[in-house]
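Peer 1: please find the sequence and the predicted model below.
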Amino acid sequence: MKLRIARIIELIWLIWLGAGVGVPGIEVSAQGRAEERLYREGVARQQSGDDEAAIEMLRRAIAVRPNQAAAHSALAYSLGRRGDLAGAISELRTATRIDPQYHEAAFRLGVMLWLRGEYREALEPLRTAVRLRPGHPESSFYLGQTLRQTG
């Protein structure tokens, strides 16, 4: 089951990267340079499959600038891939609190909750994801599945 969940999370991340989505909230300023470098290194480690190092780098990036939704979302991905769905959900909730317009975080949060069978909890983030990006087929699919599960 863990392998299946990890593969689903990986596919969602690859879809997100393939869509050419920018990095919300990452800015190049004197204050943000350290965080940006740590964030980018963490993402590079994710892409190479080194989730342990990615988690370390992303946690350091968050320590420097805790209000970067993209860093919380990226950390959620590595945590989820390692089977820590509770940790991933917590990070995604933080990301959506920081940036309520961050479609990818809302979508991932809904999917993570759906994977855990928490269908009622998944409704709000999936509805948000569909509202933020109505043409995103995966958001609509998971919302439809969740509505089917909740009756």
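Peer 2: Happy to help now that I have it. Since the model is a prediction, treat every value here as computed from it, not as a measurement.
Peer 1: following the one helix or strand in the chain whose mean pLDDT sits lowest, which helix or strand comes up?
Peer 2: Least confident helix or strand of the chain, by mean pLDDT, DSSP states H and E, is helix 2-18 with a mean of 58. Using DSSP states H and E, the helix or strand that follows helix 2-18 in sequence is helix 33-47.
Peer 1: chain center to stretch 130-137, what's the gap?
Peer 2: 16 Å (CA atoms, centre = their mean, to the nearest Å).
Peer 1: any residues touching it, and which ones?
Peer 2: 101, 103, 106-107, 129, 139-140, 143 (CB atoms under 8 Å, 6 or more residues apart in numbering). C-beta: built from backbone N, CA, C; applies to glycine.
Peer 1: okay, which residue is most central for the chain?
Peer 2: Nearest residue to the geometric centre of the chain (CA atoms, centre = their mean): residue 73, 3.6 Å.
Peer 1: contacts only, for that one.
Peer 2: Counting by CB under 8 Å, 6+ apart, residue 73 has contacts 91-92, 95, 102, 104-105, 108.
Peer 1: any weak-confidence spans in this structure?
Peer 2: 1-32 (pLDDT under 70).
Peer 1: can we see that at 80?
Peer 2: Applying pLDDT under 80 to the chain picks out residues 1-35.
Peer 1: could I have the buried ones of the contacts of stretch 130-137 as PyMOL selection syntax?
Peer 2: The PyMOL command for the buried members of the contacts of stretch 130-137 (criterion: 16 or more other CB atoms under 10 Å) is given here:
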select buried, resi 103+106+107+129+139+143
